[in-house]
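A.B. asks: After the sequence you'll find the predicted model.
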Amino acid sequence: MLCYWGEAVKPDGFGLVRAESVKFTDTGIGCLSPKSRIKDVSPGKSLVGFIRGDGNASVTRLSITEHVKFGKLKLLDQKKDKIRLISCGEADAVLLAYGGKVFSLEKSNICRPIKELSSKTVIQVACGNQHFLALTNDGQLFTWGQNSSGQLGLGRGEPSSLSPQPLKSLSGIPLSQISAGGDHSFALSFSGAVFGWGRNSAGQLGLGHTEDMSNPTCVNNLNQKKTISISCGEEHTASLSKGGTVFTFGSGRYGQLGHNSFRDELQPCVVTGLEGFNVSQITCGRNHTMALVESSNTIYSFGCGEQGQLGNGQMTNQCVPLPVQLKLETNNIHTVESIIAGGNRSFVLCSSQKSSSNLEPNRRKGIVTLEDKMINRWVSECETNQWRTIKKEIKTVFSSPACINGSFIIKSCDGHYATSTHISGLDMESVKTAFDRLAEKERVLLEVEKVVEKDLLPSLGSTAAGVESLRAFLILPELFRVLNNQGRETKLTALYASAILNLEPGWLIVLENFWSELPKTFLKTLVKLFHTSAAKMISKLTYDRRQEIVINSPLCKSVTVLQLLYKASCRNQREITPGDFIIYEINDLLDVIDAIDMDINNFWIGDITVMVAEKQTYLNTLKLLSSSPCIFTLEAKYSLLKFRESWGPFTMMLRRTAILEDCFQQLRVASEQALKGWLQVIYSENVETSDVFKRDFFHNAFKMLKDPKSEMFMDNDTKTVIWFPVEIVWNNKEVELDPDEPGKTVTSSNKNVFVDAYVDYVLNKSVERVFNEFKKGFYKVCDRHMVDIFHPEELRGVMLGSEEYDWDTFRQNATYEYVFHARHQTIVFFWEVFEELSNQDKKAFLLFLTGFDRVPILGMGQVKMRVQPLLSGTQDYLPQALTCHALLNLPVYQRKETLRTKLTEAIHHRRGFWEE
């Protein structure tokens, strides 16, 4: 049964039945039952389209004669095609056949196929006043027609188009519905994201303003509202959530928003008059809105009623939802199947309970997604004559970002509707299971690989309209995993890395958020993917001296992604460790550089310029790789830092009596390039070059800088931290706790605010100027790029050394020269005495031996003490140390106590070349 009301048309019944057979209720609702069931209706401004149950379509074009609209039903000639959907605009219509073919209806009522869409399988169509939308089964959205307000979504300044144009900005979004209004358009994603574009004069896009939008823009206020349906009017829009809540926005001039007012709303607002009713369908006419509550078989309407389109028997506007007076004699055996509004008319399709099961349950077909049923059929039938069909299906799914992004979503408890910038909405276990199943048939897997390489990866765009378009970046690594398990070397990893790095910075951050929330096994799969690929390329590079990498090479891209993954893994306390990222093959690369240095230093008999060029190539490679410090061991990082020695020295000539004065004077006039070199210290009193002078300089210079008289630094109470001097003097002066809230007092409830403000002042604001100067100077000396490769604790260790004293290793690394050996009596005495020293005295001995009282950052294994006898010395001589070489000259003491006394005296002797 078909019921209708609103703007009158003669003859009654639109020509579907004889006029006299149309029954009208007291409220002016017409009811008719054509012999051939009406399956769909689409009312436009000057025409109404009908689809019969047998797939035939007909239209009634309306013309005005003496202020009365007349229409004659015309059966359309669609050849052998059966029509599934029709959508009418102001004067035109688009028809969709069951096979996915699209026809445009001309004013002469001739149906012409749209040739630009002939190779596509279209599943949905929608018409605005003068623009059209078409959604294909592979998730592509096409638009054409008038573009005066940006309603085609093609971007600013784009002209109108007679032929369908792909809307590329939504190419990765899995769309479930499209809708068109007067001059605006909407698209709805699988997970409830709503995108609008076009005319926005009354706020009908729900964006909080009235500026027209020429690109699809997400309606953020509808995020995570579980939106399942969108309907557009002339200048207003309605959305329906899965829980039955209705939101409206845009023009409220006629009350069509249902907010008990006639004002416009620039953002989505709940229709409170429908709360609690669990609305199941919504539809918008030109200036009115209808909602169906299926549980009670009740239709509510609101908005413009000047032509009876509200179904209440009156010709007035209505700003709150009220029931349509749909009272039929046979109402007890009919249910409302669907509601349709358009122009100034309203339609209802009713069915008897007996025949309702024969009606199409969902007039909106969805795009193709990868489902278990499909995969099982591919695997079981790939060796049959169905292979050609299977290849087409693989092409459809795996060439489309939208199809992939719409697959494997969390359906349990509607979990995918929680999709956000931190939640992907993906069921990763389902992803893993699916690709494991695909891998059971090599023929299927190789076809998938081919399509992904050729079509999918190159199509992953640099921009994304919404977070759902990033799901493919989480899904694809599971394909790469099963391919790698079969030992296949592919280009996919490099292409995948390129796609990731092509993302705009904002979307790359969202992808990092998704990575940080991945279960451990899937994050490890990702890390292993890029780690294995990068390690192989570095290994190949190490032994192919002719190969040079550039910044956009696959290797650089792989290690860059590894660094992003490392950053994501550090956000939470993950079981994945820094060791999972380290590429030990880099150490081989460093060994090659050392070997080249040895060849050069040993007077290489070949062309020395070739060797220098090779070394520079490797150094350039390391510099590029160093932008991803997570792949380096600490030893490798330290080696990178030492390469600065090739830049040449920065020499300071100092007087021992004016060390700080001379130091600051020379630093002040030095160029930034000179400051990047390695430090060489020469004392004017003894013009020699020795590494011991540098160590002695640091020891004594910092001792002087820390002296309170210098007023450069201050210690904390425990003498464990130094900081720039700061003084907090209140002088009984009241200071506002919160400048934005004068008079606010410190209480037990807000004392943390006071403490935070106090600490921030002491550590940051009070010393900000001094610290910035220190920071500026620090980066003049230490190349920022090199500093950034170290973690803060590593950098501190590099600069200050470690306090991890492994004295057993220190002893094991010691070597003995001339008459000394491990069992020599003097050596036995020495180690017995050393073991009896306090920890403080052991540190003092380390300072005596090496010039440092701390351990190198790489550990005590780096300290290799050489012990040789001081043959010219007597029992009264003190031990001597050559700190440059960690060489201990030890007299051949005959007694242990003598050794103890002399060693203790030596390590506690006042140090410094100018001290007595």
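C.D. replies: Great, that's in hand.
A.B. asks: Regarding the closest residue to residue 434 other than its chain neighbours, which helix or strand does it belong to?
C.D. replies: Spatial nearest neighbour of residue 434, excluding adjacent residues (C-beta to C-beta, 6 or more residues apart in numbering): residue 375 at 5.8 Å. Quick note: C-beta positions are derived from backbone N, CA and C, even for glycine. Assigned by DSSP states H and E, residue 375 belongs to helix 372-381.
A.B. asks: any low-confidence regions in the stretch 301-450 of the chain?
C.D. replies: Scanning the stretch 301-450 of the chain for pLDDT under 70 picks out 328-333, 353-364.
A.B. asks: which stretches of it form helices?
C.D. replies: With helices called from DSSP state H, counting those that start in this stretch, the stretch 301-450 of the chain shows them at 372-381, 387-398, 401-405, 428-438, 442-451.
A.B. asks: Buried ones in stretch 788-799, by neighbour count?
C.D. replies: Neighbour-count burial for stretch 788-799 flags 789, 790, 795, 797, 798 (criterion: 16 or more other C-beta atoms under 10 Å).
A.B. asks: secondary structure class for residue 17?
C.D. replies: In three-state terms, and counting by DSSP: H, G, I helix; E, B strand; the rest coil, residue 17 is coil.
A.B. asks: Show the contacting residues for it.
C.D. replies: Applying C-beta atoms under 8 Å, 6 or more residues apart in numbering, one finds that residue 17 lies in contact with 32, 33, 34.
A.B. asks: The same query, at a cut-off of 7 Å, please.
C.D. replies: For residue 17, the contacting residues are 32, 34, by C-beta atoms under 7 Å, 6 or more residues apart in numbering.
A.B. asks: What score does it have for pLDDT?
C.D. replies: With respect to pLDDT, residue 17 scores 91.
A.B. asks: ok, residues contacting the longest helix seen in the chain?
C.D. replies: Secondary structure assigned by DSSP state H gives helix 520-542 as the longest helix of the chain. Here helix 520-542 makes contact (C-beta under 7 Å, 6+ apart) with 428, 477, 480-481, 493, 497, 515, 547, 549, 554-555, 558-559, 561-562, 565, 569, 574-576, 580-581, 583, 585-586, 588-589, 592, 621, 631.
A.B. asks: now do stretch 282-298
C.D. replies: 229, 231-234, 236, 238, 240, 246, 248, 254, 256, 258, 274, 277-281, 299-305, 309-310, 321, 323, 335-336, 339-346.
A.B. asks: I'd like to know which of the residues you listed are buried.
C.D. replies: Using 16+ other C-beta under 10 Å as the burial test, the contacts of stretch 282-298 include 229, 231-234, 236, 238, 240, 246, 248, 254, 256, 258, 274, 277, 279-281, 299-305, 309-310, 321, 336, 339-346 as buried.
A.B. asks: taking those one by one, which sit in strands?
C.D. replies: 229, 231-232, 236, 238, 240, 246, 248, 281, 299-303, 321, 336, 339-342, 345-346 (DSSP state E).
A.B. asks: List the contacts of residue 162.
C.D. replies: Residue 162 is in contact with residue 144, counting by C-beta under 7 Å, 6+ apart.
A.B. asks: For it, which three-state class applies?
C.D. replies: Residue 162 is classified as strand under three-state DSSP.
A.B. asks: What separation do you get for it and residue 807?
C.D. replies: 86 Å (C-beta to C-beta, to the nearest Å).
A.B. asks: returning to that earlier point: nearest to residue 505, out of the helices of the stretch 301-450 of the chain?
C.D. replies: For residue 505, the closest of those is helix 401-405, at 19.8 Å, according to C-beta to C-beta.
A.B. asks: contacts for that closest one?
C.D. replies: 138-139, 171-175, 367-369, 396-397, 456, 459-460, 468-469, 471-472, 475.
A.B. asks: Let's see that with 6 Å instead.
C.D. replies: Residues outside helix 401-405 that contact it (C-beta atoms under 6 Å, 6 or more residues apart in numbering): 138-139, 172, 174, 367-369, 397, 459-460, 468-469, 471-472, 475.
A.B. asks: Let me know the closest of those to residue 657.
C.D. replies: residue 460 (67.7 Å).
A.B. asks: Which pLDDT does the model give the nearest residue to the closest one once chain neighbours are set aside?
C.D. replies: Leaving aside its sequence neighbours, residue 460 sits nearest to residue 499 (C-beta to C-beta, 6+ apart; 4.1 Å). On pLDDT, residue 499 comes in at 95.
A.B. asks: my guess is residue 499 is in a strand, correct?
C.D. replies: No - under three-state DSSP, residue 499 falls outside any strand and is assigned helix.
A.B. asks: Identify the farthest-apart pair in the contacts of helix 401-405.
C.D. replies: The most widely separated members of these are 368 and 460, with 18.1 Å between them, by C-beta to C-beta.
A.B. asks: Go ahead and confirm the residue nearest to residue 434 touches residue 436.
C.D. replies: No - contact criterion C-beta atoms under 6 Å: residue 375 and residue 436 do not qualify, at 10.0 Å.
A.B. asks: Tell me which of those two has more neighbours.
C.D. replies: Applying other C-beta atoms under 10 Å to residue 375 and residue 436 shows that residue 375 carries more neighbours, namely 19 against 13.
A.B. asks: how near is that one to residue 511?
C.D. replies: Separation of residue 375 from residue 511 (C-beta to C-beta) stands at 26 Å.
A.B. asks: Alright, calling it a day.
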